[in-house]
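1. quick one, fold the following:
(one chain, ligands or ions: 1)
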Amino acid sequence: MNRAVAQVLDGRALSASMRDDIKLAIDRHLQGADQASALPERLPRRSAPGLAVILVGDDPASAVYVRNKRLACEQTGIRSKSLHFPTSVTTAELVQAVHQLNHDDSIDGILVQLPLPSQVCEQAVLECIDVGKDVDGFNAMNIGRLVLRDRGIRPCTPRGVMALLHHHGISTRGMHAVVVGASNIVGRPMALELLLDGATITVCHRFTRDLEHHVRQAEILVTAVGKTGIVDANWLRAGAVVVDIAMNRDADGQLCGDLDAEIVRRKASWYTPVPGGVGPMTVTMLLLNTIQAAGIAMPAT
Ligand code: GUN
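-> All right, here's what the predicted structure looks like:
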């Protein structure tokens, strides 16, 4: 008997509808019709929310990501400000730029595009972002809040994955989730989000001894390796939910994920396409984090 092919976790479609809601929330805020700005502790500032993006060097992939973020801001009514530094920039120069943005009342969110050149101390730069403007959710306070199940700004990619799963009626409560990749910006916060959702977590990384053994156990598999071929889609358990976070290029220069998409479609129950799965959700969560940082409430859905 032929199994049905897996259903798509369509990040492009969900992003489009969430961006409409974000635009609506901003419009209502500008008209004074939202409730968030009526809170007594927050003076209403009837101007569009502002996002500052710091880009260093001329890495083409980072330039594309930053451009996509800027376009998404324009689409939804968020003002975006870009600061571009040469590859030779120092930690002190970036820290100074962040401090200025921390004190700029027209800026609600600050994002430093990663990776930074090796001479820059990444953590020192991320740590000096005002905790309420840290729309990437990467500084220690926001990650700590996620660890403690407290309210804070949550990293965009894992938040986007959870939104995509929940939108499609997938709760991971009680499921065995395997996350492959343990980076500070994706794998670790992804594992914390899944834990928060009630999943039992295994995190695999470069020292994991028998990756195949772990992947075979996964009811939900999340890959964030950044290299095709490390995780073999033939290892998938039939009916697994598969979230491929990677954005790799194949031999023909086409975008692809960590996993062989053909095999995934045959074995999984649900999967994220690459492109069109997690990528758009990451940008949409950045917009959401920015309006939250500005104190703008989303309309009830
Ligand atoms: N580089 C790759 N992904 C990201 C991200 O989500 N945020 C930032 N700031 N840099 C990145």
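2. contact partners for whichever residue of the stretch 51-200 of the chain sits closest to the ligand?
-> Relative to the ligand, the nearest point of the stretch 51-200 of the chain is Leu114 (3.7 Å; Cβ to the nearest ligand atom). C-beta coordinates here come from the backbone N, C-alpha and C atoms, glycine included. By Cβ atoms under 8 Å, 6 or more residues apart in numbering, the contact set of Leu114 is 62, 122, 185.
3. give me the pLDDT value at the residue nearest to the spatial centre of the chain.
-> Nearest to the mean C-alpha position of the chain, by Cα atoms, centre = their mean, lies Thr157 at 1.8 Å. pLDDT recorded at Thr157 is 98.
4. cool, Gln35 as well?
-> On pLDDT, Gln35 comes in at 62.
5. again with Arg151
-> With respect to pLDDT, Arg151 scores 93.
6. quick one: end-to-end length of stretch 233-245, please.
-> Chord length of stretch 233-245, first to last residue, is 14 Å (Cα to Cα, to the nearest Å).
7. meant to ask about stretch 238-256, not that
-> Distance between the two ends of stretch 238-256: 22 Å, counting by Cα to Cα.
8. try stretch 233-253
-> End to end - Cα to Cα - stretch 233-253 spans 21 Å.
9. tell me the buried residues in it?
-> By neighbour count on 16 or more other Cβ atoms under 10 Å, the buried set for stretch 233-253 is 233, 235-237, 240-248.
10. please compute how far it lies from its chain's middle.
-> Counting by Cα atoms, centre = their mean, to the nearest Å, stretch 233-253 is centred 18 Å from the centre of its parent chain.
11. and Met298, what's its pLDDT?
-> You'll see Met298 listed with a pLDDT of 85.
12. where's it relative to the ligand, distance?
-> 21 Å (Cβ to the nearest ligand atom, to the nearest Å).
13. burial of that residue, as a residue count?
-> The tally of other residues near Met298 (other Cβ atoms under 10 Å) stands at 16.
14. if we can go back for a sec, of the contacts of Leu114, closest to Thr272?
-> Nearest to Thr272 out of the contacts of Leu114 is Ile185 (Cβ to Cβ; 17.8 Å).
15. quick check: Ile263 is in a strand.
-> No: judged by DSSP: H, G, I helix; E, B strand; the rest coil, Ile263 forms no part of a strand; its state is helix.
16. ok now do it, which residues does it touch?
-> With contact taken as Cβ under 8 Å, 6+ apart, Ile263 is in contact with 233-234, 236.
17. just send those back as TSV, with distance to the ligand too.
-> As requested, the contacts of Ile263 are exported to TSV (distance: Cβ to the nearest ligand atom, whole Å):
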residue	distance to the ligand
Ala233	24
Asn234	29
Leu236	25
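18. which ones among those are found in strands?
-> The members of the contacts of Ile263 all map outside strands under DSSP state E.
19. just give the nearest non-adjacent residue to Pro275, would you?
-> Spatial nearest neighbour of Pro275, excluding adjacent residues (Cβ to Cβ, 6 or more residues apart in numbering): Leu255 at 4.9 Å.
20. which residues touch the one you found?
-> 247-249, 274-275.
21. just to revisit the earlier point, between the buried residues of stretch 233-253, which sits nearest Gly169?
-> Val241 (11.2 Å).
22. the closest one touches Ile170, doesn't it?
-> Yes: using Cβ atoms under 8 Å, Val241 makes contact with Ile170 at a distance of 6.0 Å.
23. what about Leu114, distance to Val66?
-> According to Cβ to Cβ, to the nearest Å, Leu114 and Val66 sit 11 Å apart.
24. I should have written Asn139 there, sorry.
-> Going from Asn139 to Val66 by Cβ to Cβ gives 20 Å.
25. please put the alpha-carbon coordinates of the longest helix that the chain contains into PDB.
-> Criterion DSSP state H: the longest helix present in the chain is helix 11-30. The C-alpha trace of helix 11-30 is given here as PDB (Å, rounded to 0.1, in the frame of the first residue of the first chain):
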ATOM      1  CA  GLY A  11       5.600  28.900   6.500                       C
ATOM      2  CA  ARG A  12       5.000  31.100   3.500                       C
ATOM      3  CA  ALA A  13       1.200  31.000   3.800                       C
ATOM      4  CA  LEU A  14       1.200  31.400   7.600                       C
ATOM      5  CA  SER A  15       3.700  34.200   7.400                       C
ATOM      6  CA  ALA A  16       1.600  36.100   4.900                       C
ATOM      7  CA  SER A  17      -1.500  36.000   7.100                       C
ATOM      8  CA  MET A  18       0.500  36.900  10.300                       C
ATOM      9  CA  ARG A  19       2.100  39.800   8.500                       C
ATOM     10  CA  ASP A  20      -1.400  41.100   7.600                       C
ATOM     11  CA  ASP A  21      -2.300  40.900  11.300                       C
ATOM     12  CA  ILE A  22       0.900  42.700  12.300                       C
ATOM     13  CA  LYS A  23       0.100  45.500   9.700                       C
ATOM     14  CA  LEU A  24      -3.400  45.700  11.100                       C
ATOM     15  CA  ALA A  25      -2.100  45.900  14.700                       C
ATOM     16  CA  ILE A  26       0.300  48.800  13.700                       C
ATOM     17  CA  ASP A  27      -2.500  50.600  11.800                       C
ATOM     18  CA  ARG A  28      -4.800  50.400  14.900                       C
ATOM     19  CA  HIS A  29      -2.000  51.500  17.100                       C
ATOM     20  CA  LEU A  30      -1.300  54.600  14.900                       C
END
